[in-house]
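**Q** got a predicted model here, sequence first, then my questions.
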Amino acid sequence: MIILRRDVLRWGLAGLGAAAAAPRLLAQDAKPGALAEELVRTPRQTEGPFYPVKLPLDTDNDLLIVNDSLTAAVGEITHLSGRILDSKGDPIRNVLVEIWQVDNAGAYLHEGTSNKEKRDRNYQGFGRFLTGSTGEYYFRTIKPVPYPGRTPHIHVAVKMKGREKWTTQCYIKGHPGNEKDGIWKSVKDEKQRDAITIDFAPIKTSKIGELSARFDIVMGFTPAAD
Ligand SMILES: [Fe+2]
């Protein structure tokens, strides 16, 4: 099932409410073009070995429903949204944002995954979203869980015409596994680390305990300067 723009707006607003409580300047607080020197660039992180070798038939932005299935994936429902911004804080359009992560049993949509025998067939494991003029993207997915050797994370790829694929990973703020995770710890700058470690906040109006997570991505360039 594809998620429509009206859903993006509805859940996107819920997400902004959670982000506004953050004490320091985050990308979502910035006005386009302003405070550029204070914007923290999102650190690049390894793609890792589990990008799907074969993409699923359904690659939309709702990872909870595969094709027209009536059964949703297992997990804590999360509305993940954010904007793709250039180094000045201006939104970048026509960016293909891809995410992939393990299902609630800790299995990737990949032959080499751990927990393969437990894989949730109702979880899409991978999704795509093309940004519009606001640079905004949106996915419905689950809150990530750990798998052997890693703290919970969501992989993100940013693809733009004429540029090489750029990847990062985002993490759960306050998760005890982060401090033991070599890839998380490889980001030495505290502000940069904070930029990829995000809140998964309960949506107050949700009767089924859904979460909202906001992950803005600040690229290290401006398209206009190319
Ligand atoms: Fe991973």
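**A** That came through fine.
**Q** low pLDDT regions in the chain?
**A** 1-38, 224-226 (pLDDT under 70).
**Q** which stretches of it form strands?
**A** 77-85, 96-100, 126-130, 136-142, 153-159, 166-172, 197-198, 200-202, 211-214, 217-218 (DSSP state E).
**Q** only the buried residues of the third one, if you could.
**A** Under the neighbour-count criterion of 16 or more other Cβ atoms under 10 Å, strand 126-130 has 126-129 buried. Heads up, the C-betas are built off the backbone N, CA and C, glycines and all.
**Q** quick check: angle from that strand to strand 96-100?
**A** Angle, strand 126-130 to strand 96-100, by axes from the mean of the first three to the mean of the last three Cα atoms, to 10 degrees: 160 degrees.
**Q** if we can go back for a sec, could the buried residues of strand 126-130 go into a markdown table alongside distance to Asn67?
**A** Below are the buried residues of strand 126-130 laid out as a markdown table (distance: Cβ to Cβ, whole Å):
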| residue | distance to Asn67 |
| --- | --- |
| Phe126 | 13 |
| Gly127 | 13 |
| Arg128 | 15 |
| Phe129 | 18 |
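**Q** report the two of these separated the most.
**A** Farthest-apart pair in the buried residues of strand 126-130 is Phe126 and Phe129; separation 11.6 Å (Cβ to Cβ).
**Q** ranges for the helices of the protein?
**A** Using DSSP state H, the helices found in the chain span residues 5-19, 182-185, 190-195.
**Q** distance from the chain centre to the shortest one, please.
**A** In this case it means helix 182-185. Per Cα atoms, centre = their mean, to the nearest Å, the displacement of helix 182-185 from the mean C-alpha position of its chain is 17 Å.
**Q** list just the nearest of the buried residues of strand 126-130 to His153.
**A** Of the buried residues of strand 126-130, the one sitting nearest to His153 (Cβ to Cβ) turns out to be Phe126, at 14.5 Å.
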